[in-house]
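**Q** structure of the sequence below:
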Amino acid sequence: MDDTLRRAAFERGWISREQATSARPLAELIGAERVAALREDRGLAAKVLAGGLLSAADLAPETPTTFGRYRILKALGEGGSGRVYLAHDPELGRDVAVKILDRVRDLERFRREMAVLASLRHPNIVPVYDAGAHDGRPYFAMEVAPHGSLADAKPPLKEAVAILEAVARAVHAAHEKGVVHRDLKPANILLADRPLVADFGVAKLPGADLTETGMTVGTPHYMSPEQARGKDVDARSDVYALGVMLYEAAAGKKPFDGPSVPDLLRRITDEEPPPVPHPLGAVALMAMRKDPARRYPTAAAFADDLRAWLDGRPVSARAPSLLDRLRRRRRPALVAGGAFAVLVVFAVTAGLAVSRGRASAAERTILQEAMAVQRWETNLYKSARQISHEGLERAVANLGDALATRGLPASIRHQGLAAVARARLFMGDTPEALAALDAAIATGQNVGEERFERARIVWEEVLRQSLQKNDKATEALVEKIKEDLRAALAAGFRDDWTRDVARALLALAESGEKALATSLAELDRLEKVPEKPVEEVAKLRGDIELLRRKPEAAAPFYERAIAARECYVQAYNGLALSFALREDVVPAFDAASRGIDINPRYEGSYFLFIMLCRRAMRDSPRELSRRQPKAIALLDQAIGKLRLGRRSRPASLPILASLGMAGVLRSFQGGEPGDALDVLTEAARLEPSNPEVRLALGIARYQRGELARAKEEFARLPEDAVALRWEGYRASKAGDRPAALAAWRRAVELDPSMAESLREEMK
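**A** Here you go, the predicted structure:
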């Protein structure tokens, strides 16, 4: 009968082919509840198998050739909730592991695993690239582990300890986010170019629980005593499982075994593991102490002892004393042991969780829209003609509604806010993106990526302030960048590549020219790493050259970034600035216009127009009024682009400022200054102290003959050389020659480069 039931379980997909042919008891594999269900109704396939008409091999599912956009290469493995395939992703040109859910009954476990993996970012936690559903079957794509799992590898002891150290530090990072894995075992430690912790399908999340009281979750051999009793667990249960894996590596066998699951769990709760005559034995036994309070307090402390052993230093753990062992042997027997054993057999699953209800509608929305934003990122590598921001706008709206729901787990709220931040960045809404990043970090679940993203946004502002020679503002912003980069590196990154980029930037921010050569060499190395967003490194290299006032060296890096990602708006802006610093106005305008065409909502694209207009305003009214057909054509084109931007973001200060400033310059070539004055007045209401807006307002009022009001505007900028120059023109026009001379002299004091152009005026 057991063979028939085993085959029926295989037919239903509850066990893999390897499990179907193994000697492990069926109850251990699928749990007593499912065994009872098979006995009641073995199913058609079970009856056919019982008649000898088919073999288990005949029931193995055929490997599909495609699934959604993925081209399936081969099957990697199967289990109770689905199958994993090696597949090729043609959009990004890389191989991935695609896990496909087989049955609707395990949807909650699958959803849960996606939620955890998407919210945890650490170089030793398996990264998720994509998730969704195809033909009604949920799936997610993750990094390929070409070397199988720790269960398959059986590495030498020193290598195994190094793997477990990395795993323990990843698990500690999860614990800091309130996530307890609850099913750590060698089969869930995947081996790529680094160890990867996988299968968070039964993880315990902060503010939520998957199981009911008395239910046992996990794999029996690696369960802690509290898990075996069906009690609530915390991070120290994962520490116990780490200890079991270390014990197995050091002793060559599991600490406990038994003829049945109840017997095994009884030994875990009641007996002490045999001692291991090895320095690592003390580490393993400390991690496996019956009382959670007497284990390592954290997975990081366990990892520290492993590192000490690897470095040849003494470990902190000590083997249990004789008194400890005698005291534990006097533990009272379990009350109603037989009844408890029946309960455990009924409750234990082979690594599968029993769901207790569905996630709230808000949680589902956040997970779905976060994945939608992640999928949208692939659009960045498409042609600009194929880009549409409508999907992002819908995602942001839906996420906003869902995030307004009370009682969301912190990890879910963090994931939703991080998705909003990314979407806002792609849409060009930098202030809103910063607000979402701040809120995501404030959840306490933040990891390196959010702080690194905030540092990169501030980096764009450093570039602008530096080019405007605002040294105090630049220094304050650099301090913010250093603070965020340090915090990001302390929190940890999902992959080593991003971490190394952050390290290179931090070294540059902290040490300047001293670290320049080393940082540039590191960035050059990172730009050559395949399957990474190397265009981001190329763009950073261009920025660094601009900050060094080397625009000719910067341009090729921006061009490389654009070649890799056609829609990289920030790279077009950098290219525009590199041309502007060389006084090549037309190509600068063309590059900035290209950025606006791709995404008119991105405010950074308008900085170039503000910078060019301010430079032009250094000239005299006589020079600006000289008829220049090329300048008129260029200004008209610029105003057209800026009006396009204003339609997309009518309340954007940079867009209004650049449009108003361009309008003022056009008024010297026959345009009407009234339109520019209206736009600048609106901009001044948004930010009354903005120096560019106040300067342009003063010049616009000068043009309209409103000399008294122009004086008020220039007086707001007493240390601005350009404003003082125009105050001189205003005073001269008003007939106040002494006031004009005083203003011009002060302008030259502040900016000696104006001396030559003002020589005639000051005679």
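
**Q** grab the nearest non-local neighbour of residue 711.
**A** Distances taken as Cβ to Cβ, 6 or more residues apart in numbering place residue 730 nearest to residue 711, at 6.0 Å, with adjacent residues excluded. From N, CA and C alone the C-beta is placed, and that goes for glycine too.

**Q** CA atoms only for the one helix or strand the one you found maps to, dumped as CSV, please.
**A** Using DSSP states H and E, residue 730 falls within helix 721-733. Taking C-alpha atoms only, helix 721-733 is exported to CSV below (Å, rounded to 0.1, in the frame of the first residue of the first chain):
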residue,chain,number,x,y,z
ALA,A,721,28.1,89.7,-9.3
VAL,A,722,25.6,89.3,-12.2
ALA,A,723,22.8,90.9,-10.3
LEU,A,724,25.1,93.8,-9.3
ARG,A,725,26.1,94.2,-12.9
TRP,A,726,22.4,94.6,-13.9
GLU,A,727,21.8,96.9,-10.9
GLY,A,728,24.4,99.1,-12.5
TYR,A,729,22.6,99.1,-15.8
ARG,A,730,19.3,99.8,-14.0
ALA,A,731,20.8,102.7,-12.0
SER,A,732,22.4,104.1,-15.2
LYS,A,733,19.1,104.0,-17.0
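
**Q** quick one: that helix to chain centroid distance?
**A** Chain-centre distance of helix 721-733: 50 Å, with Cα atoms, centre = their mean, to the nearest Å.

**Q** and the helices in the stretch 301-450 of the chain?
**A** 322-329, 337-347, 361-376, 390-403, 410-427, 430-440, 448-467 (DSSP state H, counting those that start in this stretch).

**Q** about what we covered before: does anything pack onto the helix holding residue 730? Which helices or strands?
**A** Helix 721-733 sits against helix 691-703, helix 707-715, helix 737-750, with contacts defined as 3 or more Cβ pairs under 8 Å, 6 or more residues apart in numbering; DSSP states H and E.

**Q** now render these as TSV, adding mean pLDDT.
**A** Output for the helices and strands packed on helix 721-733, formatted as TSV (pLDDT from 0 to 100):
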stretch	mean pLDDT
helix 691-703	94
helix 707-715	95
helix 737-750	94
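
**Q** give me whichever of those helices is most buried.
**A** helix 691-703 (a mean of 25; mean count of other Cβ atoms under 10 Å).

**Q** so what does it touch, helix or strand wise?
**A** helix 607-616, helix 653-667, helix 673-686, helix 707-715, helix 721-733.

**Q** deepest-packed of these, please.
**A** Neighbour counts (mean count of other Cβ under 10 Å) averaged over each of the helices and strands packed on helix 691-703 peak at helix 653-667, with a mean of 27.

**Q** give me the helices and strands touching that one, please.
**A** Using 3+ Cβ pairs under 8 Å, 6+ apart: helix 653-667 touches helix 607-616, helix 629-648, helix 673-686, helix 691-703.

**Q** go ahead and name everything in contact with the shortest one.
**A** Helix 607-616 is contacted from outside by 464, 467-468, 573, 576-577, 580, 585, 588-589, 592, 624, 638, 642, 654, 657-658, 661-662, 664-665, 692, 695-696, 722, using Cβ atoms under 8 Å, 6 or more residues apart in numbering.

**Q** mind checking how far residue 480 is from residue 536?
**A** 20 Å (Cβ to Cβ, to the nearest Å).

**Q** so these two - more neighbours on which side?
**A** Set residue 480 next to residue 536 and count neighbours by other Cβ atoms under 10 Å: residue 536 wins out with 20 against 16.

**Q** now do the contacts for that one.
**A** Residue 536 makes contact with 501, 561, according to Cβ under 8 Å, 6+ apart.

**Q** next, the angle helix 448-467 makes with the host helix or strand of it.
**A** Assessed by DSSP H and E, residue 536 sits inside helix 534-547. Angle between the axes of helix 534-547 and helix 448-467 is 30 degrees (criterion: axes from the mean of the first three to the mean of the last three Cα atoms, to 10 degrees).

**Q** about what we covered before: among the helices of the stretch 301-450 of the chain, show me which one is buried the most.
**A** helix 410-427 (a mean of 25).

**Q** list the helices and strands that helix packs on?
**A** Judged by 3+ Cβ pairs under 8 Å, 6+ apart, helix 410-427 is in contact with helix 107-119, helix 361-376, helix 390-403, helix 430-440, helix 448-467.

**Q** nearest to residue 140, of those helices?
**A** helix 107-119 (5.5 Å; Cβ to Cβ).

**Q** and the next element down the chain from that closest one?
**A** Trace forward from helix 107-119 with DSSP H and E and the next one is strand 128-134.

**Q** partner strands of that following strand, parallel or antiparallel?
**A** Counting by DSSP bridges, the strands paired with strand 128-134 are strand 137-142 (antiparallel).

**Q** tell me the helix or strand right after the strand it pairs with.
**A** helix 150-153.

**Q** what's that following helix in contact with?
**A** 147, 160, 163, 185, 186, 187, 189, 190, 191, 195, 245.

**Q** mind checking which of those residues are buried?
**A** Among the contacts of helix 150-153, the ones that count as buried by 16 or more other Cβ atoms under 10 Å are 160, 163, 185, 186, 187, 189, 190, 191, 195, 245.

**Q** tell me how far residue 737 lies from residue 31.
**A** From residue 737 to residue 31 the distance is 97 Å (Cβ to Cβ).

**Q** and which of the buried ones among the contacts of helix 150-153 is nearest residue 495?
**A** For the buried ones among the contacts of helix 150-153, the nearest to residue 495 is residue 195 (13.5 Å; Cβ to Cβ).

**Q** ok, that closest one - contacts?
**A** So residue 195 contacts 124, 150, 163, 166, 167, 170, 189 (Cβ under 8 Å, 6+ apart).

**Q** phi, psi for it please.
**A** Phi and psi for residue 195, reported as degrees, to the nearest 10, are phi -70, psi 140.

**Q** on that earlier part again, need the helices and strands packed on helix 653-667 in JSON lines (columns: distance to residue 746).
**A** Shown next, in JSON lines, are those (distance: least, Cβ to Cβ, whole Å):
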{"stretch": "helix 607-616", "distance to residue 746": "19"}
{"stretch": "helix 629-648", "distance to residue 746": "29"}
{"stretch": "helix 673-686", "distance to residue 746": "24"}
{"stretch": "helix 691-703", "distance to residue 746": "15"}
